[in-house]
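>>> sequence isn't available, so here's the structure alone:
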């Protein structure tokens, strides 16, 4: 099953946009510690947050009524959006509060149904989505990459080995990587 | 340097052209036999959509934009040039409805337009391991080939297994 994309737009007041930028700076300085809990959920392929401080203008017409500041959330994940939202609410509510606590009409991160309703109201359907490996989950990609690295080590170990040594190494290798294959 | 980089492009549609842009996505992207993104090496994930920005509280609405985002092999600039070269017509079919879009035929003007409409990413979570698409391709292929080899050689004697290994790996 292909990854699921979501595009969520959340208007935020000026003071919250300043706070959000501060949290992103802290996250950058923390060297990945903040992202780790989210990454450990193991079903996010890529997730990005951006802040629109002024929507693109068409100078040939008068300015329109777009909210002046909007948090843009683009994510791609394995499974359904229900599973995704549920995991966020259960596992990383503090991180969600830090990003969305001041967003307009955000109901708080602790209860699944209000969060799911919020996301449904602020989600914008993706018209076209592409995945290079639509059948590969984040976990299977990680496993395949780990397997590739271990396989390279194994190949080096058995280069020039006699039959008995090769088979012994092969059986040990298969046992070691069985969860990856 | 990280193996991947993100592009988020947000461009205003000309008044009244949102429907035409959506139709172009439906016909030239979603309805194409193969996504135009597939013709651009190094594209992990990508999306294209028409969206309406949220309105100011109490106001009625805002004019539509096109969002194009992608997670690609770093660095971004060569990927953008590959996208422009490989998907010029489908890009023009959609982005041609955006204000001041110069067309994909002029590489420099296209780059400038993308830079002017690019939205910086503030925070990312990259769950996919830090690998290029070619590395992911190779790893998934190896995983499949290894599983097939293990199944094929199950029960072979010592000499037979080693011989089969040499044939498979060209050793």
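Here it is on my side, so go on. Keep in mind that this is a model prediction, so the values were computed, not measured.

>>> remind me, longest helix of chain B?
Counting residues, the longest helix found in chain B (DSSP state H) is helix B:133-152.

>>> got the buried residues for that helix?
Within helix B:133-152, the residues scored as buried using 16 or more other Cβ atoms under 10 Å in any protein chain shown are B:133, B:135-136, B:139-140, B:142-143, B:146, B:149. Bear in mind the C-beta positions are built from the backbone N, C-alpha and C, glycine included.

>>> so what's residue B:4 up against?
Counting by Cβ atoms under 8 Å, 6 or more residues apart in numbering or on different chains, residue B:4 touches A:46, B:44, B:71-74, B:126, B:128, B:130, B:132.

>>> separate out the buried members of the residues you listed.
Buried among those by 16+ other Cβ under 10 Å: A:46, B:44, B:71-74, B:126, B:128, B:132.

>>> which one of these is nearest to residue A:137?
Ranked by distance to residue A:137 (Cβ to Cβ), the buried ones among the contacts of residue B:4 are led by residue B:128 at 9.8 Å.

>>> just to check, that closest one is in contact with residue A:137?
No: applying Cβ atoms under 8 Å, one finds residue B:128 not in contact with residue A:137, separated by 9.8 Å.

>>> sheet partners, orientation included, of the lowest-mean-pLDDT helix or strand in chain B?
Lowest by mean pLDDT, DSSP states H and E among the helices and strands of chain B is strand B:123-126, with a mean of 90. Counting by DSSP bridges, the strands paired with strand B:123-126 are strand A:44-52 (antiparallel).

>>> next, give phi and psi for residue B:128.
phi -70, psi 140 (degrees, to the nearest 10).

>>> biggest helix in chain A by residues?
In chain A, taking DSSP H as the definition, the longest helix is helix A:138-158.

>>> buried ones in it?
For helix A:138-158, the neighbour count (16+ other Cβ under 10 Å) marks A:138, A:140-148, A:151, A:154, A:158 as buried.

>>> which residues in chain B form helices?
So, for chain B - with DSSP H - the helices run B:18-25, B:76-86, B:88-95, B:107-117, B:133-152, B:158-169.

>>> returning to what we had before: among the buried ones among the contacts of residue B:4, which one sits closest to residue B:86?
residue B:72 (12.6 Å).

>>> what about the closest residue to that closest one other than its chain neighbours, neighbour count?
Sequence neighbours aside, residue B:79 is the residue nearest to residue B:72 in space, at 4.3 Å (criterion: Cβ to Cβ, 6 or more residues apart in numbering or on different chains). Residues within reach of residue B:79, counting by other Cβ atoms under 10 Å in any protein chain shown, total 20.

>>> swap in residue A:117?
When neighbours are defined as other Cβ under 10 Å, residue A:117 has 13 of them.

>>> tell me the contacts of it?
residue A:107.

>>> correct me, but residue A:142 touches residue B:130?
No: Residue A:142 lies out of contact with residue B:130 (Cβ under 8 Å); the separation is 10.4 Å.

>>> as TSV, the helices of chain B with distance to residue B:57 and mean pLDDT would be great.
Output for the helices of chain B, formatted as TSV (distance: least, Cβ to Cβ, whole Å; pLDDT from 0 to 100):
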stretch	distance to residue B:57	mean pLDDT
helix B:18-25	23	98
helix B:76-86	35	98
helix B:88-95	31	98
helix B:107-117	26	96
helix B:133-152	42	95
helix B:158-169	65	94
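
>>> which of those sits closest to residue A:100?
helix B:107-117 (25.5 Å).

>>> what does the closest one contact?
Residues contacting helix B:107-117 (Cβ under 8 Å, 6+ apart): A:56, B:7, B:9-11, B:77, B:80-81, B:84, B:98, B:100-104.

>>> all good on my end, thank you.
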